[in-house]
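Novice: with the sequence up front, the predicted model follows.
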Amino acid sequence: MNIPAKDLRPRRVWYLVAALLALLLSAAGVTVIVVTVRDAVNSVDTERSFSEGDARTFHLVQGETKAIYVSQSGQGHVECRIPELRDGSMTQPDSGFRVTLGSRTWERVFEVRPGSTGDYAITCTSERPAEFALGEKPEVGSTVGGIFAAIGCFLAAVAGAVAISVVTAVRRNRHRRRLTAGWAPHPAWGPPPSGPAMGSQHGPMA
């Protein structure tokens, strides 16, 4: 017997719920990636970049760590000097960090943490032609966390949509079988019909 689809439970609207859930989680993952990339890109102030050998003055705030980035063709030894800083205020980071903006790749080479607020002149040199820029200290942990969060959103989108769709399909199929079994004609139970007599009895011959 053909059961109308609208009579089956759960309703097919759950397939739409699965699709919407996947769409929302995927959108969340894309948003996390966009924000993570934007923060990484904005960490370098390329608008105030300066060439090697040139001095550029920046306003630094006490206790705030800034990073010095270099963009050069290939690997070359880099040195930066900030005469007004006391010893130990400029250090080399323990890990590498690179950001690609257009045709340039910027690499973090130094971190600066001034002991007092003021204007500081920065001069940098390199073995190769290079451009330098000041920027924010990259939050590597936040960047990695953002990437994993985005991956988690994409995985949850797939897993959630598949789980809802499979459960809905299985339950609708079971409901179809129950309805089919309930509407099937039942066999008639009762004594078999009596047939014609197999013989006749005759009284004694007179």
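Specialist: Received it, and whenever you're ready, just let me know what you need. Bear in mind the structure is a predicted one, so any value in this text is a computation, not a measurement.

Novice: tell me which helix or strand the residue nearest the centre of the chain sits in.
Specialist: Nearest to the mean C-alpha position of the chain, by CA atoms, centre = their mean, lies residue 150 at 1.5 Å. When elements are defined using DSSP states H and E, residue 150 is found to belong to helix 140-183.

Novice: try residue 131
Specialist: strand 130-136.

Novice: show me what counts as buried in that strand.
Specialist: Buried residues in strand 130-136, counted by 16 or more other CB atoms under 10 Å: 130-135. Where C-beta positions appear, they are placed from N, C-alpha and C, glycine not excepted.

Novice: which residues in this structure form strands?
Specialist: Using DSSP state E, the strands of the chain run over 50-51, 55-60, 66-72, 78-81, 90-91, 98-101, 104-112, 118-126, 130-136.

Novice: which other residues reach the last one?
Specialist: Same thing as strand 130-136. With contact meaning CB atoms under 8 Å, 6 or more residues apart in numbering, strand 130-136 is reached by 42-46, 48-52, 56, 58, 66-72, 76, 78, 80, 104, 106, 108, 122, 124.

Novice: and the strand holding residue 131, how far from the chain's centre?
Specialist: 30 Å (CA atoms, centre = their mean, to the nearest Å).

Novice: please pull out the lowest mean pLDDT helix or strand from this protein.
Specialist: Scoring the helices and strands of the chain by mean pLDDT, DSSP states H and E places strand 98-101 at the bottom, with a mean of 83.

Novice: what residues of it count as buried?
Specialist: In strand 98-101, counting by 16+ other CB under 10 Å, buried: residue 99.

Novice: before we move on, the earlier item: just give me the lowest mean pLDDT stretch among the strands of the chain.
Specialist: Ranked by mean pLDDT, the strands of the chain bottom out at strand 98-101, with a mean of 83.

Novice: quick one: list the elements packing against that strand.
Specialist: If contacts are counted by 3 or more CB pairs under 8 Å, 6 or more residues apart in numbering; DSSP states H and E, strand 98-101 sits against helix 13-42, strand 104-112.

Novice: so which of those gets nearest residue 118?
Specialist: strand 104-112 (12.3 Å; CB to CB).

Novice: ok, residues contacting the closest one?
Specialist: So strand 104-112 is contacted by 44, 46, 60, 65-71, 78, 80, 82, 85, 89-93, 96-100, 120, 131, 133, 135, 137-138 (CB under 8 Å, 6+ apart).
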